[in-house]
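Visitor: 3D, please:
(one chain, ligands or ions: 2)
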Amino acid sequence: LGLATPMSVMVGIGRGAREGVLIRDAEVIEALETVDVLLCDKTGTLTIGRPMVQAIEIFGEYSEDDLLAITAGLEQASEHPLAAALVEAADVRAIAPRSVNSFESLTGQGVVGKVDGREVVVGNAGLMAVNGIDTESVLERAETHRQQGATVIWVAIDNVLQGLIAIADPVKDTTPAAIESLRTAGVRIVMVTGDNHTTAGAIAKQLGIEEIHAEMLPEQKHDLVKSLQRDGHIVAVAGDGINDAPALAQADVGIAMGTGTDIAM
Ligand code: ADP
Ligand code: MG
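Guide: Numbering: from 1, shown residues only. Ligands and ions are numbered 1, 2, ... in the order given. Modelled structure (predicted):
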């Protein structure tokens with residue numbers, strides 16, 4: 001093809017009431033045929049995209065319900081699928097989420113804010129580390145959940161680690177066959193996710209995906225696309241657009257999975 005700039009064409013795949021494939025540009029049909037590497041986001045692309053809380057473990061003075069009320073309060077303002085899982089879990093237990101005084105979302109890491117006057121940090125190990133909160137001493141408790149494919153969210157209140165919440169999102173029924181037929185067609189499949197290495201590995205293993213890039217920030221996903229392109233590959237990216245919008249835009253073909261976030265479209 002020898003193009004100086006990537007084509008960056010987009011396909012949108014909707015589901016439910018809006019099921020179907022939306023092709024932004026006819027060029028995409030030709031481009032798709034030349035794709036030799038497909039980068040797949042994990043959550044919502046390989047998995048169903050409707051994560052559910054599996055377990056809550058408490059380390060300190062807060063009860064499970066308190067932890068959930070505080071976490072759900074903070075997550076109410078987030079549009080991440082993990083946030084929806086936490087808010088729903090509170091709802092199922094008839095727990096009223098606490099009111100939030102301030103809120104900041106850190107893409108690919110988690111959320112921080114003030115709840116009932118307390119500093120609350122909810123997110124991955126990287127976010128905890130940045131805030132000087134150690135998770136290494138309770139790592140084993142997280143690994144147990146991760147080995148089953150669950151995502152572990154840490155909860156710290158006023159700089160003390162108070163618990164973890166394990167959230168699971170099963171592989172879509174249609175994923176194994178889709179991966180298999182792509183592989184048969186000669187496409188190299190790569191999982192790229194912001195999630196933890198152990199969790200990503202557990203999901204990848206279920207699908208026979210051997211190439212995994214875990215704990216990737218949005219900018220790193222974008223850089224991975226670029227470096228594959230520099231090596232002469234024609235790259236497609238399939239993702240939900242929540243944290244992979246830069247990668248979707250950089251790809252030769254961007255496939256926006258249709259929980260249909262506006263940014264993906
Ligand atoms: P993925 O690549 O699987 O879509 P993200 O890049 O969105 O994942 O997020 C990476 C990790 O950051 C998540 O696995 C989670 O640990 C943490 N995270 C992101 N957003 C949130 C949130 N709103 N609440 C808690 N944790 C979050
Ligand atoms: Mg995502």
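Visitor: nearest residue to the residue of the stretch 51-200 of the chain found nearest ligand 2 other than its sequence neighbours?
Guide: Ligand 2 sits closest to residue 194 of the stretch 51-200 of the chain, with a gap of 6.6 Å, by CB to the ion. C-beta coordinates here come from the backbone N, C-alpha and C atoms, glycine included. Of all residues not flanking residue 194 in the chain, residue 108 sits nearest, at 4.2 Å (CB to CB, 6 or more residues apart in numbering).
Visitor: Residue 122 pairs with what?
Guide: Beta-bridge partners recorded for residue 122 (DSSP bridges): residue 111, residue 155.
Visitor: That one and ligand 1: what is the separation?
Guide: Using CB to the nearest ligand atom, to the nearest Å, residue 122 is found at 5 Å from ligand 1.
Visitor: ok, that residue touching residue 71?
Guide: Yes - counting by CB atoms under 8 Å, residue 122 does reach residue 71; the two are 5.4 Å apart.
Visitor: which residues are common contacts for the two?
Guide: Counting by CB atoms under 8 Å, 6 or more residues apart in numbering, the common neighbours of residue 122 and residue 71 are 153, 155.
Visitor: In terms of helix, strand or coil, where does the residue in the chain that ligand 1 sits nearest to fall?
Guide: Shortest the chain-to-ligand 1 distance, computed as CB to the nearest ligand atom: residue-wise this is residue 194, at 2.1 Å. Applying DSSP: H, G, I helix; E, B strand; the rest coil to residue 194 yields a three-state assignment of coil.
Visitor: hmm, back to that, then the residue nearest to residue 194 would be within a strand, right?
Guide: No - counting by three-state DSSP, residue 108 is not part of a strand but coil.
Visitor: Low-confidence stretches in the stretch 101-250 of the chain?
Guide: Applying pLDDT under 70 to the stretch 101-250 of the chain flags no residue at all.
Visitor: what ranges do the helices span in it?
Guide: 125-130, 139-146, 175-184, 197-207, 218-230, 245-250 (DSSP state H, counting those that start in this stretch).
Visitor: Surely the residue of the chain closest to ligand 1 and residue 215 touch.
Guide: Yes - counting by CB under 8 Å, residue 215 is a contact partner of residue 194 at 6.8 Å.
Visitor: related to what we said a few turns ago, what's the residue of the chain closest to ligand 1 in contact with, if anything?
Guide: Going by CB under 8 Å, 6+ apart, residue 194 touches 108-109, 124, 214-218, 243.
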